[in-house]
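S.K.: let me see the structure of the following:
(4 chains)
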Protein chains: 2
Amino acid sequence: MADVTIDDVAKAAGVHRSTVSRALSRPEAVKVETRELVLRVAEELGYAMSPLAQALRSKASIFVPLVVPDLINPFYAELATTMTLAAGDRGYQLVLCITNRDSERAAAYLTAMQSLYAPFVIVAPSSRVEMDTLTQFGFGDRAVVIDRVDEHPTVPSVTVDNRRGVELAFDHLRSLGHRRIGYVSGISGIHTARERLDAYSELAGAESIVLDSGADADAGARGAAQLLAVTDRPTAIIAGNDMTAFGVISKLAAQGLRVPTDVSVIGFDGLVLSARNPVLTTIRQPIADMGNIAIDLAEKKAVDGSVDHVVLTPELLVGASTAGPPA
Amino acid sequence: MADVTIDDVAKAAGVHRSTVSRALSRPEAVKVETRELVLRVAEELGYAMSPLAQALRSKASIFVPLVVPDLINPFYAELATTMTLAAGDRGYQLVLCITNRDSERAAAYLTAMQSLYAPFVIVAPSSRVEMDTLTQFGFGDRAVVIDRVDEHPTVPSVTVDNRRGVELAFDHLRSLGHRRIGYVSGISGIHTARERLDAYSELAGAESIVLDSGADADAGARGAAQLLAVTDRPTAIIAGNDMTAFGVISKLAAQGLRVPTDVSVIGFDGLVLSARNPVLTTIRQPIADMGNIAIDLAEKKAVDGSVDHVVLTPELLVGASTAGPPA
DNA sequence: CTGAAAGCGCTTACAG
DNA sequence: CTGAAAGCGCTTACAG
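M.R.: Predicted coordinates for the structure are as follows:
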């Protein structure tokens, strides 16, 4: 195991340290036999290169920060999981930066990442990292944003078509026979939340029933409580995300309303959790794809400077929380 | 911001680089005026020490790996969150290692952490990292284990008194008038799961009704389904953890049984999520404390070699998922 | 294609 | 108490 250095390999292979370095990092710059020899010796000795020394010298590391506001919201937990895997597959080491919605903490992380020579940074929505903060710490032109709406001219992004998602939810409920369809917003990225709400308002038009447009974790419960107060009560609810949907369902149950018998509820996110817990009908975002694409975008920009904005299409996942309206 | 080095500070302060280093890391080894001068200059220049260079030279870093099996289970997500904060407060940088229950991946992480000069490693339960793997990668005597039962002679641990937790659940249900109390195990650390099940079996004695003892995410649903098949049906269920409890509740609902009207359900973990979603009655583990204590134990052992095993006491959190048995 | 040298940003014995 | 030197494990122009 440990503490075998590049010089050990060099000595054992009878070549200079610099040759070992080349054989490992730029194989085409070395004679094929030499390379094979070096590789074999390195293998035998169980040589593992020091990422520390490498980063220090070359001023480039494999540490990729993922900035998220928290991990309590399972959306971020799932994003972090898939991104860890995606990063690992591509030779990066993901470093999770949990800001706790505190911009000072975010700044501290960015400083640290800067001194770790992170090649780029990936920012999840609602992480309270603004462009000027990014710029201030030298990541202004090396950032990729996930799930944010505005197409920044220098920051690539990967998002989901929220409008399309809400539309899918709407169509699903309509096709089941629902006419009065309410909306509850709840926790999520600011942009994301607004986009979904806007899409709902537009689709529902004059029949909009926004039960709660809050951004906190209790929005679901409030929305469900609100349902009882509304005259001509909605028979279905679209929730801004899965966690909110669970909150709605739970509160409805406490109020003696059954899902989907009395009220249908549809979520948004498509978390693994959602498929287990109550089997939620929801709009699935391709979270794993988002992670991979985010890294793609960062690498692509580093190579040719291109700033792409990828918009993914969500899909309807029919679970057990929706059905036709009560007779 | 970036790229101001120790030499820049030294020059600006009119001292040697080594003096700057001392002023920063061993303040008592430097004259007080010198130290103040250096500190002020460093501040003015916005100097941030390179953790890379420091680690490389001193063969000790601030990177602390937390090895978890996944982040999908909110218990780990919450543990990761609180540990990130705890580590940050103490000058460490937590590096999340998600094994996905794959021991090869765990090994890869340990190799990486070894070359990052991680001072110690914290292992969460069920992470499939066995002692010999730890030893193999040089962390054999620099590991702390969370939530594992066996008191290893060289590995400090912090766990929760699972037996006491189950007892609290039992007492709560008994005091509500329940006599037939079933148990569903579900996902969790192997040791933890067994300990809780054993505690249940012991407490229930001849009246044990183990509805499901599986370890996967579907145990809750199976357990609930099983409930109907049992003659003289239990009026209450203890779930091995919160996620399982949600699974139970969801499946019961699908079968037309109401919680807590028809059946009471109590969870185990006390996740933030549990207080929001259905407001679950549950046994709360002091997760934040566990994180802090884990770091304490690692540091303490490094200093004086002591191997402590801390056992924390859980507490009952009464929510809305338990009530008296149906008349 | 390969070797020798310099240097990334630090720390730490060793002198003084 | 402070400075000068060596070195942590690498990479990368620069010669040859």
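
S.K.: contacts only, for the residue in the stretch 101-250 of chain A that DNA strand D sits nearest to.
M.R.: Across the stretch 101-250 of chain A, the shortest distance to DNA strand D (Cβ to the nearest atom of the strand) belongs to residue A:117, at 11.3 Å. Bear in mind the C-beta positions are built from the backbone N, C-alpha and C, glycine included. Counting by Cβ atoms under 8 Å, 6 or more residues apart in numbering or on different chains, residue A:117 touches A:55, A:59-61, A:63, B:52.

S.K.: what does chain A put close to DNA strand D?
M.R.: Within chain A, the positions lying close to DNA strand D (Cβ under 7 Å from any atom of the strand) are A:3, A:5-7, A:17-18, A:21-22, A:24-25, A:47-50, A:53-54, A:56-58, A:60.

S.K.: out of these, which are buried?
M.R.: A:5-6, A:21-22, A:24, A:47-50, A:53-54, A:56 (16 or more other Cβ atoms under 10 Å in any protein chain shown).

S.K.: mind listing the helices for chain A?
M.R.: A:6-13, A:17-25, A:32-45, A:51-58, A:74-89, A:103-115, A:131-136, A:162-176, A:190-204, A:219-229, A:242-254, A:287-304 (DSSP state H).

S.K.: tell me the most buried of these?
M.R.: helix A:242-254 (a mean of 26; mean count of other Cβ atoms under 10 Å in any protein chain shown).

S.K.: could you export that one as CSV, CA atoms only?
M.R.: The C-alpha trace of helix A:242-254 is given here as CSV (Å, rounded to 0.1, in the frame of the first residue of the first chain):
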residue,chain,number,x,y,z
ASP,A,242,-42.4,15.4,-3.7
MET,A,243,-41.7,16.5,-0.1
THR,A,244,-44.5,19.0,-0.3
ALA,A,245,-46.8,16.3,-1.7
PHE,A,246,-46.1,14.1,1.2
GLY,A,247,-46.8,17.0,3.5
VAL,A,248,-50.1,17.6,1.7
ILE,A,249,-51.1,13.9,1.9
SER,A,250,-50.2,13.7,5.6
LYS,A,251,-52.2,16.7,6.5
LEU,A,252,-55.2,15.7,4.4
ALA,A,253,-55.2,12.4,6.2
ALA,A,254,-55.2,14.2,9.5
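
S.K.: show me the shaky parts of the stretch 51-200 of chain A.
M.R.: Residues of the stretch 51-200 of chain A meeting the criterion pLDDT under 70: A:127-129, A:149, A:188-189.

S.K.: can you tell me the residue of it closest to DNA strand C?
M.R.: DNA strand C sits closest to residue A:57 of the stretch 51-200 of chain A, with a gap of 3.4 Å, by Cβ to the nearest atom of the strand.

S.K.: near DNA strand C, which residues of the stretch 1-150 of chain A?
M.R.: Residues of the stretch 1-150 of chain A lying near DNA strand C (Cβ under 7 Å from any atom of the strand): A:14-19, A:22, A:29-31, A:33-34, A:53, A:56-57, A:59.

S.K.: gap between the two ends of stretch A:198-218?
M.R.: 21 Å (Cα to Cα, to the nearest Å).

S.K.: domains in chain A, by residue range?
M.R.: A:6-49, A:63-160+A:287-312, A:162-286 (automatic domain parsing).

S.K.: ok, for residue A:251, nearest residue in space, not its chain neighbours?
M.R.: residue A:224 (3.5 Å; Cβ to Cβ, 6 or more residues apart in numbering or on different chains).

S.K.: same question for residue A:315.
M.R.: Nearest one to residue A:315, counting by Cβ to Cβ, 6+ apart, is residue A:284 at 5.1 Å.

S.K.: just put the helices of chain A in CSV and tack on distance to residue A:143.
M.R.: Converted to CSV, the helices of chain A look like this (distance: least, Cβ to Cβ, whole Å):
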stretch, distance to residue A:143
helix A:6-13, 33
helix A:17-25, 26
helix A:32-45, 35
helix A:51-58, 19
helix A:74-89, 15
helix A:103-115, 10
helix A:131-136, 5
helix A:162-176, 21
helix A:190-204, 15
helix A:219-229, 29
helix A:242-254, 27
helix A:287-304, 8
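
S.K.: nearest spatial neighbour of the spatially most central residue of chain A, chain-adjacent residues omitted?
M.R.: Centroid-nearest residue in chain A: residue A:79, 4.1 Å away (criterion: Cα atoms, centre = their mean). Leaving aside its chain neighbours, residue A:79 sits nearest to residue A:287 (5.7 Å; criterion: Cβ to Cβ, 6+ apart).

S.K.: what's the answer for residue A:221, then?
M.R.: residue A:251 (4.3 Å).

S.K.: can you name the residue of the stretch 101-250 of chain A nearest to chain B?
M.R.: residue A:250 (4.2 Å; Cβ to the nearest Cβ).

S.K.: you'd agree that residue is up against residue A:218?
M.R.: No - at 11.1 Å, residue A:250 does not count as touching residue A:218 under the criterion of Cβ atoms under 8 Å.

S.K.: measure stretch A:319-327 end to end?
M.R.: Start-to-end, stretch A:319-327 (Cα to Cα) is 21 Å.

S.K.: that one near chain B at all?
M.R.: Yes - applying Cβ under 8 Å from any Cβ of the partner chain, one finds stretch A:319-327 touching chain B at residue A:320.

S.K.: hmm, who's touching that stretch?
M.R.: So stretch A:319-327 is contacted by A:172-173, A:176-179, A:235-236, A:245, A:249, A:259-262, A:264-267, A:274-275, A:278-282, B:254 (Cβ under 8 Å, 6+ apart).

S.K.: so which of those residues belong to strands?
M.R.: Using DSSP state E, the members of the contacts of stretch A:319-327 that fall in strands are A:236, A:264-267, A:281-282.

S.K.: dump the residues you listed into a markdown table; add pLDDT, neighbour count and distance to DNA strand C as well.
M.R.: Output for the ones in strands among the contacts of stretch A:319-327, formatted as a markdown table (pLDDT from 0 to 100; neighbours: other Cβ atoms under 10 Å in any protein chain shown; distance: Cβ to the nearest atom of the strand, whole Å):
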| residue | pLDDT | neighbour count | distance to DNA strand C |
| --- | --- | --- | --- |
| A:236 | 96 | 28 | 59 |
| A:264 | 96 | 25 | 59 |
| A:265 | 95 | 29 | 54 |
| A:266 | 96 | 29 | 53 |
| A:267 | 94 | 32 | 48 |
| A:281 | 95 | 25 | 54 |
| A:282 | 96 | 30 | 48 |
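
S.K.: just to revisit the earlier point, show me the contacts for the residue nearest to residue A:251.
M.R.: A:184, A:211, A:237, A:247-252, A:255, A:257.

S.K.: can you put the residues you listed in a markdown table and add distance to residue B:203?
M.R.: Converted to a markdown table, these look like this (distance: Cβ to Cβ, whole Å):
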| residue | distance to residue B:203 |
| --- | --- |
| A:184 | 41 |
| A:211 | 44 |
| A:237 | 41 |
| A:247 | 33 |
| A:248 | 36 |
| A:249 | 32 |
| A:250 | 29 |
| A:251 | 33 |
| A:252 | 35 |
| A:255 | 35 |
| A:257 | 36 |
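
S.K.: could you pull up the residues touching residue A:47?
M.R.: A:4-6, A:8-9, A:41.

S.K.: is it true that residue A:20 touches residue A:6?
M.R.: Yes - Residue A:20 lies in contact with residue A:6 (Cβ under 8 Å); the separation is 5.3 Å.

S.K.: nearest residue to the residue of the stretch 101-250 of chain A closest to DNA strand D other than its sequence neighbours?
M.R.: Distance criterion Cβ to Cβ, 6+ apart; nearest residue to residue A:117, sequence neighbours excluded, is residue A:61 at 4.3 Å.
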